[in-house]
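S.K.: Let's see this in three dimensions:
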Amino acid sequence: MPRERTARRAELVAVGAAIVLVAAAFIVPRIAGEQWRLSLYAAAAPIFGSWLPHIGWGTVPAIVLAAAVVVAGPAAAARLSWPRLLVTGYVAAVGWALSLALVDGWRRGFAERFTDPNEYLHEVPGVTDIPAMLRGFADRILDFQPDSWTTHVSGHPPGALLFFVLLDRVGLGGPTPAALACLLIGCSAIPAVAVAFDALGVREHARAALPYLVLAPAALWIAVSADAMFMAVAAWAVAILAVAARRASAPLAVAAGVLFGLTVFLNYGLVLMALPAVAVLIAGKTMRPLGYALAGAAAVVAAFALAGFWWLDGYHLVVERYYQGIATTRPFAYWWWGNLAATVCAIGLASVAALTRVPARLRAGDPAAILITAALCAVLLADASGLSKAETERIWLPFDIWLLAAPAFLPRPAARIWLTVQAAGTLLLVHLLLTNW
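M.R.: Residues are numbered from 1 along each chain as shown. Take a look at the predicted model:
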């Protein structure tokens with residue numbers, strides 16, 4: 001009992017500190033000078049969006065779904081058969097993300113999200129020759145050229161644009177199909193986390209975490225952003241590697257490596273997914289899949305290189321492009337901690353509270369704690385890099401999804417309380433702010 005009281009006290013201290021951090025991140029821009037506030041390039045800093053109190057068609061469904069998960073989620077997660085639980089969790093996560101998007105309206109919140117001229121779809125019609133696009137991709141990264149890529153395309157490796165081009169090629173062109181694809185693929189990260197935990201021998205953690213994953217505040221950016229798709233690819237890479245480690249399966253390890261390879265051609269920053277990858281092998285107490293996974297990843301790198309795009313060239317040009325734009329103006333003195341405040345908004349206070357229990361679990365060798373710690377380290381390294389000033393509530397989704405599983409460590413009797421906290425915080429954000437992504 002004394003140990004549990006100490007743990008609960010630590011939770012409250014962490015939550016209190018997180019609330020202060022988020023409050024400061026919202027308040028400081030309001031009281032600072034106008035010129036400094038404008039330099040943030042985020043009207044609702046630390047969230048990339050604008051202040052707009054509103055309700056919408058998704059308000060009632062979101063509240064009803066949240067109430068259902070709070071009331072019945074923990075019991076259902078403990079009782080349902082494993083396959084039914086994974087399917088139910090996925091469907092509920094899709095419903096939650098879609099409901100939150102519809103608070104902003106069908107067109108504004110969902111169907112037209114990808115019509116912004118800075119988005120990937122802006123460049124899709126101009127890609128008439130995919131091999132030529134890959135060969136010349138790096139030449140168009142830098143800004144202030146007649147044919148410079150638009151902001152999002154230039155800021156990512158060609159795999160991101162290629163995804164939307166291929167969607168268009170198979171008849172799913174346009175903003176609505178793109179939004180649906182990102183939503184449906186992105187939400188598959190929820191069962192991927194559960195599969196990873198199960199493969200590492202902690203299915204009970206997966207069951208406990210699923211209601212929290214379903215009600216993830218990050219769903220605000222899963223619907224709708226391409227980063228949700230990136231998150232799912234990275235999450236399944238981790239999950240398949242975990243299964244490969246358990247089964248000693250070379251084909252699965254190669255498949256995991258291929259997915260890891262693809263992630264770094266979707267987002268340069270996802271090289272940090274190497275930390276969760278290594279964590280999986282440490283948690284699984286085997287390094288046997290490593291060579292096969294590296295071979296799979298190397299095959300992806302080689303394929304893009306043969307097609308004409310060398311990842312390192314793209315990365316160095318992106319860093320240069322980054323400082324051609326608003327990154328030179330956005331103050332790192334605010335964003336290094338503003339980014340963390342945005343992350344708190346994405347993972348919720350329940351995750352913050354649960355992270356205080358991770359060190360003890362880590363000392364006990366808990367596989368889930370090892371994986372969550374690796375994801376947290378990835379977030380901190382990404383923050384320290386200075387290459388993510390703002391918009392991290394979206395950009396860091398591939399890392400956040402593992403932090404969202406941390407509430408599995410919270411006491412089971414308190415599950416409804418913490419789920420209510422997660423849902424209430426998310427509903428408050430979606431009804432007060434209009435997010436840009």
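S.K.: What about residue 339, how many residues nearby?
M.R.: For residue 339, the count of nearby residues is 23 (other Cβ atoms under 10 Å). Every residue, glycine included, has its C-beta placed from N, CA and C.
S.K.: How many residues are close by the nearest residue to it once chain neighbours are set aside?
M.R.: Nearest-residue entry for residue 339: residue 392, 4.4 Å, with adjacent residues in sequence omitted and distances by Cβ to Cβ, 6 or more residues apart in numbering. As a burial measure, residue 392 scores 27 neighbours (other Cβ under 10 Å).
S.K.: wait, what's in contact with residue 12?
M.R.: Residue 12 makes contact with residue 353, according to Cβ atoms under 8 Å, 6 or more residues apart in numbering.
S.K.: brain fart, residue 273
M.R.: 234, 237-238, 260, 263-264, 378, 398.
S.K.: Low-confidence bits of this structure, can you list those?
M.R.: Across the chain, the ranges flagged by pLDDT under 70 are 1.
S.K.: Which secondary structure state does residue 145 sit in?
M.R.: For residue 145, the secondary-structure state derived from DSSP: H, G, I helix; E, B strand; the rest coil is coil.
S.K.: Tell me the helices and strands packed up against the helix or strand in which residue 165 is found.
M.R.: Under the criterion of DSSP states H and E, residue 165 resides in helix 158-169. Where contact means 3 or more Cβ pairs under 8 Å, 6 or more residues apart in numbering; DSSP states H and E, helix 158-169 is packed against helix 130-135, helix 151-154, helix 175-187, helix 226-247.
S.K.: and of the contacts of residue 273, the nearest to residue 413?
M.R.: Residue 413 lies nearest to residue 238 out of the contacts of residue 273, by Cβ to Cβ, at 30.0 Å.
S.K.: my guess is that closest one meets residue 280, correct?
M.R.: Yes - Residue 238 sits in contact with residue 280 when judged by Cβ atoms under 8 Å, with a separation of 5.8 Å.
S.K.: rewinding a little: just want the angle from the helix holding residue 165 to helix 226-247.
M.R.: Put simply, helix 158-169 runs at 100 degrees to helix 226-247, going by axes from the mean of the first three to the mean of the last three Cα atoms, to 10 degrees.
S.K.: what angle sits between helix 158-169 and helix 175-187?
M.R.: 130 degrees.
S.K.: Just the C-alphas of the helix or strand containing residue 195, formatted as CSV.
M.R.: Using DSSP H and E, residue 195 sits within helix 189-199. The C-alpha trace of helix 189-199 is given here as CSV (Å, rounded to 0.1, in the frame of the first residue of the first chain):
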residue,chain,number,x,y,z
ALA,A,189,-2.0,1.2,-35.8
ILE,A,190,-4.2,0.4,-32.8
PRO,A,191,-4.4,-3.3,-33.4
ALA,A,192,-0.8,-3.3,-34.4
VAL,A,193,0.3,-2.1,-30.9
ALA,A,194,-1.8,-4.9,-29.4
VAL,A,195,-0.3,-7.5,-31.7
ALA,A,196,3.2,-6.3,-30.8
PHE,A,197,2.5,-6.6,-27.0
ASP,A,198,0.9,-10.0,-27.5
ALA,A,199,3.9,-11.2,-29.4
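S.K.: how close does residue 157 sit to residue 267?
M.R.: Applying Cβ to Cβ, to the nearest Å, the value for residue 157 to residue 267 is 7 Å.
S.K.: before we move on, what about residue 149?
M.R.: 15 Å.
S.K.: What of residue 50?
M.R.: Residue 50 is 25 Å from residue 267, by Cβ to Cβ.
S.K.: ok, these two, which is more surrounded?
M.R.: A direct count of neighbours by other Cβ under 10 Å for residue 50 and residue 267 places residue 267 higher, at 24 against 12.
S.K.: Now the phi/psi pair for the residue lying closest to residue 332 once chain neighbours are set aside, please.
M.R.: Spatially, and ignoring its direct neighbours in sequence, residue 332 is nearest to residue 386 (5.5 Å; Cβ to Cβ, 6+ apart). Residue 386 has phi and psi values of phi 80, psi 0 when expressed as degrees, to the nearest 10.
S.K.: Just the angle for the next helix or strand after the helix holding residue 195 relative to helix 175-187, thanks.
M.R.: In the C-terminal direction, the helix or strand that comes right after helix 189-199 (DSSP H and E) is helix 203-214. Between helix 203-214 and helix 175-187, the angle comes out at 150 degrees (the same axes, to 10 degrees).
S.K.: Which other helices and strands does helix 203-214 contact?
M.R.: helix 59-79, helix 82-102, helix 189-199, helix 332-355, helix 415-432.
S.K.: nearest to residue 250, of those?
M.R.: Closest among the helices and strands packed on helix 203-214, using Cβ to Cβ: helix 189-199, at 15.7 Å.
S.K.: List the contacts of the closest one.
M.R.: 82, 85-87, 89-90, 93, 203, 205-207, 209-210, 213-214, 216, 228, 231-232, 234-236, 238-239, 242-243, 245-246, 280, 284, 367-368, 371, 401-402, 404-405, 408.
S.K.: Right, I'll call it a day here.
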